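Student: No letters, just coordinates:
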DNA sequence: ACTTGGCACTCGGGAACACAGAGTGCCAGA
DNA sequence: TCTGGCACTCTGTGTTCCCGAGTGCCAAGT
């Protein structure tokens, strides 16, 4: 039985513990929040909450600390996202508005988020999957090598160097470029494989090996690269916090693109905020941390995700507010460009 | 008066302290290194070394620890760069050989260096200043915006979105593109400003405002961007080391591009290894750290720098060996492509 | 049936203290 | 110039002790 007062007690415990970083006892609770009951009553409630796994004591006869399950309940039912101050909103707007290209947008976003939350910010590059081909360029580098450049309508540029099977002259390259552009211009990247499939037929027979090589690189760059880039910032903010698990593991996880991918990727709902708390986290090195993730994108399409990572003991309402706000502003910026 | 034996004592102190991380005393020295003299003699030498500022004791009647000045002497006169094992060399070669483009080269390099030295690796992107224009591309994004892409012979791609003063049609863009390429193809980036200066004259009068806008962006991207990109990896390796100065400052410095630039930039001789030790370091947050930097580049041109950052108490011979080796291999890779 | 005050109990953390061990400086003798 | 001996000085560690915050439980009150 979890009645209203017990929930109020849990909320008070979470709030106090987050702000003081010390186990909170029944007396302190009664003093600082006016719950209208005596410490003894609170003790009884706390005993129940502990039995149900929402709080725990670090050692016998110390105050209580929220467990991961307790934070979960807090986030789901007891807190509401805290909106940013208007000063903060203005700061975000002006800071993001100055970006010159997509790299710059991502860079600014991640720094902004790190500074705003005083935690580690993580931003995934916008997927190119949902974007469209703006232009394809083939640039000869030497007799047997050329650079393949793909420009999308979101302003992203993908480049690859291609080793050619044999020497090709400029004309054949020019021809292929023209055909490629005619065929692919404006088409969504997800459709590219289909279009590419019957493209060789539109070329003279002697060009087909060349085309095959280039197209395979094109497809490869779509598959391999399309989601893998993630950047982070604010690692310095980890220095203050003390993790149950070593700081080293956290830093290692941050440098592993694969881990970060999974971290951001396994969120079910893109349109809402996703919070994963402590042990809910799949990766063992991050068991002492929580993440707050939001999707962002231009228009209705979700392009990618961004979020922050911090100790389980974080101020969830504030962090969630910042993440949501930044995601929205970035979406705006991307939609406008 | 610093005679040979005192130098030998200093070397022994540095080596022992680096490997044990504990202040080293006269008796331990006499035991572990066969200097042929008694602890008492060593004590006398140590007293002299201390007076001259090469070593210090953390507190009265503890062992000695090298000072920054002591490390300096060690690096300059007492150590020689330790070559890598052939297994390590092979590992470097195969790992770097798999890179597909310039971003990949840099990424692999920085990770490799971090893993090899078990410290923080820092790699500056190759300057585009020394490279040549391979191709210039103008891609219309909308009526009044176009993307400007510059591809260099080193495989680097620079992109910028340009806001146009008024609506332009495809033909004018195509014309400008042709002129730009005819004029700039193959010319060194340092010459671009000169060539660009009298370029408007080769265009019809009505295109000049357009050209001016684009060219100003081109010049700007050369100046602004050309050196500023630096990446690092291996921050997790900082977690183990204990700095006199806070870990936080170091992490902050690593995320400040400007600080990193100065760190790598202020090395006098590009062809040799540069070591900056502790307080020799200009930035206050990095006073407890040392850096080892080498230049790299294809052929005779130095393109940029790379290095590692670690606690002052590092194994200089090994670190220097790794940095030098990686710099050489990267240079090879870049020269080959 | 819940709430409350009282009370005994438990631990963690800090202060005070002693002590062993490593290291030093200095001096007299080889 | 080197060496052995010796007295001295620290730090770090382990021990003990005690205070205080906090708990669990119980009996009485509403």
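Tutor: The structure has been received and is ready for your questions. What you see is a predicted model, and the numbers here were worked out from it, not measured in a lab.
Student: Just checking: what are the partner strands of the top strand by length along chain A?
Tutor: Of all the segments assigned as strand in chain A under DSSP state E, the longest by residue count is strand A:133-142. Sheet partners assigned to strand A:133-142 using DSSP bridges are listed as strand A:145-152 (antiparallel).
Student: what angle do the following helix or strand past the strand it pairs with and strand B:157-163 make?
Tutor: Tracing the chain C-terminally past strand A:145-152 and defining elements by DSSP states H and E, one meets strand A:157-163 next. Between the axes of strand A:157-163 and strand B:157-163, defined by axes from the mean of the first three to the mean of the last three C-alpha atoms, to 10 degrees, the angle is 150 degrees.
Student: if we can go back for a sec, how about the longest strand of chain A: buried residues?
Tutor: With burial defined by 16 or more other C-beta atoms under 10 Å in any protein chain shown, the residues of strand A:133-142 counted as buried are A:133, A:134, A:135, A:136, A:137, A:138, A:139, A:140, A:141. (Each C-beta comes from the backbone N, C-alpha and C, glycine too.)
Student: In this structure the last one contacts residue B:156, no?
Tutor: No - the pair residue A:141 and residue B:156 fails to qualify as a contact (C-beta atoms under 8 Å) at a distance of 11.8 Å.
Student: And the helix or strand containing residue A:13, what does it pack against?
Tutor: When elements are assigned from DSSP H and E, residue A:13 belongs to helix A:4-20. If you count contacts as 3 or more C-beta pairs under 8 Å, 6 or more residues apart in numbering or on different chains; DSSP states H and E, helix A:4-20 packs onto helix A:26-32, helix A:39-51, strand A:65-66, helix A:68-73.
Student: Any chance you could list what contacts that helix?
Tutor: Contacts made with helix A:4-20 from outside it, assessed by C-beta atoms under 8 Å, 6 or more residues apart in numbering or on different chains, are listed as A:23-24, A:28-29, A:32-33, A:35, A:37, A:42, A:45-46, A:48-49, A:54-55, A:64-66, A:70-71, A:73-74, A:77-79, A:313-315.
Student: Quick one: check that helix for contact with DNA strand C.
Tutor: Yes - counting by C-beta under 7 Å from any atom of the strand, contacts between helix A:4-20 and DNA strand C involve residue A:5.
Student: can you give me the offset of that helix from its chain's centre?
Tutor: 29 Å (C-alpha atoms, centre = their mean, to the nearest Å).
Student: Could you list the buried residues of it?
Tutor: For helix A:4-20, using 16+ other C-beta under 10 Å, the buried residues are A:6-18.
Student: List buried residues within the contacts of helix A:4-20.
Tutor: Among those, those classed as buried by 16+ other C-beta under 10 Å are A:23-24, A:28-29, A:33, A:35, A:42, A:45-46, A:49, A:54-55, A:64-66, A:70-71, A:73-74, A:78-79, A:313-315.
Student: chain center to stretch A:125-135: distance?
Tutor: When C-alpha coordinates are averaged (C-alpha atoms, centre = their mean), stretch A:125-135 and its chain have centres 18 Å apart.
Student: swap in stretch A:118-130?
Tutor: Here stretch A:118-130 shows a centroid-to-chain-centroid distance of 5 Å under the convention C-alpha atoms, centre = their mean.
Student: avg pLDDT for it?
Tutor: If you average the pLDDT over stretch A:118-130, you get 86.
Student: So that stretch, near chain B or not?
Tutor: No - no part of stretch A:118-130 sits near chain B under the criterion C-beta under 8 Å from any C-beta of the partner chain; the closest distance found is 10.3 Å.
Student: Pull out the buried positions in that stretch.
Tutor: A:118, A:119, A:120, A:121, A:122, A:123, A:124, A:125, A:126, A:127, A:128, A:130.
Student: The third one touches residue A:238, doesn't it?
Tutor: Yes - distance between residue A:120 and residue A:238: 6.2 Å, which falls inside the contact criterion (C-beta under 8 Å).
Student: Grab the nearest non-local neighbour of residue A:102.
Tutor: Leaving out its chain neighbours, the residue that sits closest to residue A:102 by C-beta to C-beta, 6 or more residues apart in numbering or on different chains is residue A:155, at 4.6 Å.
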